[in-house]
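> turn this into a structure:
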Amino acid sequence: MTFPVFESFSAEPVDNVAHIIQVALTPVFMLSGIGTLLNLFNTRLARVSDHIEQTNALLMDGKNDPNRNQTLEKHLARLHRRTLMLDAAILSGGLGGAASCGAAFVLFLGGVRDSSVATWLVIMFGLALACTVGALALFLGDGLIAWHGLKREGPMPRPASKAS
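Have a look, this model is predicted:
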């Protein structure tokens, strides 16, 4: 038994709409992930910056122990390399986020203008993926610098606690 009311409906338009929604949301989810990564990178950079301040304070405390100062200088050099890595990771992540927004915009334009924007979509989304992979690789570089520095130089000296 068939119902004449349902004969006019077809699954194709629903599938097309579902596919459009699925494709349009992909850059949004990617942008959310990139935002989370940028937050992680910024938090890490803030910690490295705090360590730089602490190391500089230890160097300026007036103690002239050459071995200690040499170790602190090595720590400062390592921390500087880490800031460069994290800055590059943040820049790459920011570019990936911008490319994700560009991909979403291209999808919007394609829907509004009903034109072929596949090439631009591939370029923008590909750029977003490439920048995100670059940001993660740079973040890995920061981790490697941190761990190898700990292995080679040991932990950063702590300031002497002041007795009251």
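
> and stretch 30-49, what's buried?
Along stretch 30-49, these residues count as buried under the neighbour rule (16 or more other C-beta atoms under 10 Å): 30-31, 34, 37-38, 41, 44-45, 48. No exception for glycine: its C-beta is placed from N, CA and C like everyone else's.

> I misspoke; the intended subject was stretch 141-157.
Buried, per 16+ other C-beta under 10 Å, within stretch 141-157: 141-142, 145-146, 149, 156.

> which of those residues fall in helices?
Under the assignment DSSP state H, those contribute 141-142, 145-146, 149 to helices.

> would TSV of these with distance to A57 and pLDDT be doable?
Shown next, in TSV, are these (distance: C-beta to C-beta, whole Å; pLDDT from 0 to 100):
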residue	distance to A57	pLDDT
G141	27	85
D142	23	86
I145	22	84
A146	20	80
G149	19	73
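
> before we move on, back to that, let me know the closest of the buried residues of stretch 30-49 to N64.
V48 (26.5 Å; C-beta to C-beta).

> quick check: closest non-adjacent residue to that closest one.
R82 (5.1 Å; C-beta to C-beta, 6 or more residues apart in numbering).

> what count of nearby residues applies to P27?
Counted with other C-beta atoms under 10 Å, the neighbours of P27 add up to 24.

> just checking, which helix or strand of the protein averages the lowest pLDDT?
helix 4-7 (a mean of 48; mean pLDDT, DSSP states H and E).

> the helix or strand following it - what's its average pLDDT?
Using DSSP states H and E, the helix or strand that follows helix 4-7 towards the C-terminus is helix 11-59. Helix 11-59 carries an average pLDDT of 82.

> counting contacts, what elements does helix 11-59 pack onto?
Secondary-structure packing of helix 11-59 (3 or more C-beta pairs under 8 Å, 6 or more residues apart in numbering; DSSP states H and E): helix 66-113, helix 118-153.

> touching, S92 and L127? I think so.
No. Contact criterion C-beta atoms under 8 Å: S92 and L127 do not qualify, at 10.7 Å.

> give me the more crowded residue out of these two.
Shown here are S92 and L127; by other C-beta under 10 Å, S92 has more neighbours (24 against 17).

> for that one, give me its contacts.
Residues near S92 by C-beta atoms under 8 Å, 6 or more residues apart in numbering: 131-132, 134-135, 138.

> good, we can wrap up now.
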